[in-house]
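**Q** dropping the sequence and predicted coords here.
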Amino acid sequence: MNYIQLYKSNPKILSFGVLLVFFSSFGQTFVVSLYIPEFVNHFNITSSFFSGMYGIATLLSAATLVFVGKKIDHISLKRFTLFVVIGVIIACLLTAISWHISVLFIGIYTLRLFGQGLSMHTAMVTMSRYFYKLRGKALSISSLGFPLGEAIFPVLVAAGIGIYGWRETLGLSALLVALILLPLSLYLLYGFMKKNANEGVTDKAENNEEKKITGRLWKQKEVLRTSWFYILAPTVFLVGFLQTALFFFQTYIADFKGWTTEWMAGSIIGYAATSSLSSLLIGPIIDKYSARKLFPLILLPLAFGVLVLSFGTHSAITPIFWLLVGITGGINSPIMSALYAEIYGTRSLGTVRSLFTFVMVFSTALGPVVYSFFLERSFSFDQIHFFVFGIILIHAILIKLFSSKKKI
């Protein structure tokens with residue numbers, strides 16, 4: 001099946017994946033960061049204080065996700081989705097009505113947990129579990145929710161804050177989730193069973209494939225004892241760490257290089273374009289060659305992106321840098337999500353993936369902190385990125401040497 005045939009054969013479950021990833025935007029840094037000036041002014045705090053609070057809330061959400069994320073293996077997908085969506089609504093409302101800094105902290109914590117963490121976790125576990133032959137394409141389709149969210153929500157949220165105010169915009173966000181995501185997600189899941197995923201194979205072949213991928217029951221402590229965890233986790237960490245830091249410090253990097261903020265922001269269109277395109281292109285390649293074989297390639301575009309960024313100050317560097325970062329952004333989620341299923345099976349996929357989602361969320365909290373640490377000690381962005389390039393290159397070599405292993 002090509003993408004069109006796959007979508008026509010499975011419109012509900014694939015739309016469900018895109019929808020959850022799309023609405024995970026409410027807990028992502030690129031949306032939450034738009035509220036920072038309003039939070040700082042209203043609660044009379046410094047931006048550095050909020051950054052620290054944001055980092056702690058993110059770390060706590062990551063720790064919580066380890067325990068909550070595995071529940072998707074033990075309760076129905078409909079019930080788990082209902083829990084997640086209601087959580088997003090409560091998070092938006094709680095942040096909107098926050099009358100004290102402590103309430104704001106809880107609001108940010110729940111936004112990060114239910115938005116960034118569990119919404120994305122639910123979508124990717126669903127695609128990985130319910131598709132086998134065409135898992136790569138299914139994951140690529142659902143991953144389109146990321147660039148769609150990046151393209152639409154910052155504009156809407158920024159406009160909402162400017163016209164109505166930050167509290168009202170968060171309230172409208174809760175209303176949007178309640179009126180669109182909640183009913184649509186339940187409708188799309190209505191009557192869906194694993195056997196309904198149509199991959200263009202006979203019932204007999206489909207049953208054999210299902211037996212082949214169920215795998216064993218995993219406990220999180222058992223996953224932590226596997227050698228694969230310690231080669232996968234650094235990849236997850238480095239992608240989340242770097243992408244968050246690069247977006248967080250984009251205006252500072254532009255100033256350091258002598259570029260205008262408008263040029264830097266405009267060049268991010270290249271990131272969105274290559275992220276979407278590479279996500280679609282990688283799906284069929286995963287299905288043909290397996291995620292295991294493609295795994296060593298994930299970090300290379302990102303590594304060369306930061307290397308290019310370190311060379312000179314010519315304005316042409318900016319779009320090239322974002323294009324390369326976008327390639328990793330596009331291929332990372334489909335390859336990694338498919339890889340968890342290939343290595344550990346799908347029976348305990350929620351348990352397995354929640355650990356790696358913890359690593360990812362943890363890295364997004366740590367990225368800006370580590371960058372700030374080195375910048376405050378007079379390291380330049382170029383020096384930091386040369387160092388990061390070296391780390392990625394060493395890890396990519398280790399991945400290549402290790403990924404040929406068959407055993408867990």
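**A** The structure has been received and is ready for your questions.
**Q** check the residue nearest to A158 when sequence neighbours are not counted and give its pLDDT.
**A** Leaving out its chain neighbours, the residue that sits closest to A158 by C-beta to C-beta, 6 or more residues apart in numbering is L34, at 5.6 Å. In this view, the C-beta of every residue, glycine as well, is placed from N, C-alpha and C. Listed pLDDT for L34 reads 83.
**Q** tally of neighbours for L34?
**A** Per other C-beta atoms under 10 Å, the neighbour tally for L34 reads 19.
**Q** contact partners for it?
**A** L34 sits next to P154, V157, A158, I161 when contact means C-beta atoms under 8 Å, 6 or more residues apart in numbering.
**Q** what about the third one, neighbour count?
**A** Just to be clear, that refers to A158. Going by other C-beta under 10 Å, the residues that sit close to A158 add up to 14.
**Q** what do you get for the second one?
**A** Applying the criterion other C-beta under 10 Å, we find 23 residues in the vicinity of V157.
**Q** for the contacts of L34, give me CSV that also has distance to S128 and secondary structure.
**A** Shown next, in CSV, are the contacts of L34 (distance: C-beta to C-beta, whole Å; DSSP: H, G, I helix; E, B strand; the rest coil):
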residue, distance to S128, secondary structure
P154, 28, helix
V157, 30, helix
A158, 34, helix
I161, 36, helix
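**Q** tell me the one among these nearest to W322.
**A** P154 (15.5 Å; C-beta to C-beta).
**Q** any idea which helix or strand comes after the one helix or strand in the chain whose mean pLDDT sits lowest?
**A** Counting by mean pLDDT, DSSP states H and E, the weakest-scoring helix or strand in the chain turns out to be helix 203-214, with a mean of 49. Scanning forward in sequence from helix 203-214 by DSSP states H and E, the next helix or strand is helix 220-223.
**Q** who are the packing partners of that following helix?
**A** helix 349-375 (3 or more C-beta pairs under 8 Å, 6 or more residues apart in numbering; DSSP states H and E).
**Q** show me what the helix it packs on is packed against.
**A** On a contact count with 3+ C-beta pairs under 8 Å, 6+ apart, helix 349-375 meets helix 47-68, helix 120-130, helix 220-223, helix 229-248, helix 317-344, helix 381-402.
**Q** deepest of those, which one?
**A** helix 120-130 (a mean of 27; mean count of other C-beta atoms under 10 Å).
**Q** after that helix, heading C-terminal, what element do we hit next?
**A** Per DSSP H and E, the first helix or strand lying C-terminal to helix 120-130 is helix 135-143.
**Q** so I13 sits against A123, correct?
**A** No. Applying C-beta atoms under 8 Å as the test, I13 and A123 come out as separate, 10.2 Å apart.
**Q** list the contacts for I108?
**A** V32, M53, Y54, A57, T95.
**Q** same question for the helix or strand containing it, mean pLDDT?
**A** I108 is part of helix 101-110 when elements are defined by DSSP H and E. Helix 101-110 shows a mean pLDDT of 95.
**Q** now that helix against helix 47-68, angle please.
**A** For helix 101-110 against helix 47-68, the angle by axes from the mean of the first three to the mean of the last three C-alpha atoms, to 10 degrees is 50 degrees.
**Q** export helix 101-110 to PDB, keeping only CA atoms.
**A** Extracted as PDB, the C-alpha positions of helix 101-110 are listed here (Å, rounded to 0.1, in the frame of the first residue of the first chain):
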ATOM      1  CA  ILE A 101       2.700  30.900  41.500                       C
ATOM      2  CA  SER A 102       2.200  27.500  43.100                       C
ATOM      3  CA  VAL A 103      -1.000  26.900  41.000                       C
ATOM      4  CA  LEU A 104       0.900  28.100  37.900                       C
ATOM      5  CA  PHE A 105       3.500  25.400  38.600                       C
ATOM      6  CA  ILE A 106       0.900  22.700  38.800                       C
ATOM      7  CA  GLY A 107      -0.600  24.000  35.600                       C
ATOM      8  CA  ILE A 108       2.700  23.800  33.800                       C
ATOM      9  CA  TYR A 109       3.400  20.400  35.200                       C
ATOM     10  CA  THR A 110       0.100  19.000  34.000                       C
END
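**Q** distance-wise, check the residue nearest the centre of the chain relative to M360.
**A** By C-alpha atoms, centre = their mean, the mean C-alpha position of the chain lies nearest to M120, the distance being 6.4 Å. Distance, M120 to M360, by C-beta to C-beta, to the nearest Å: 9 Å.
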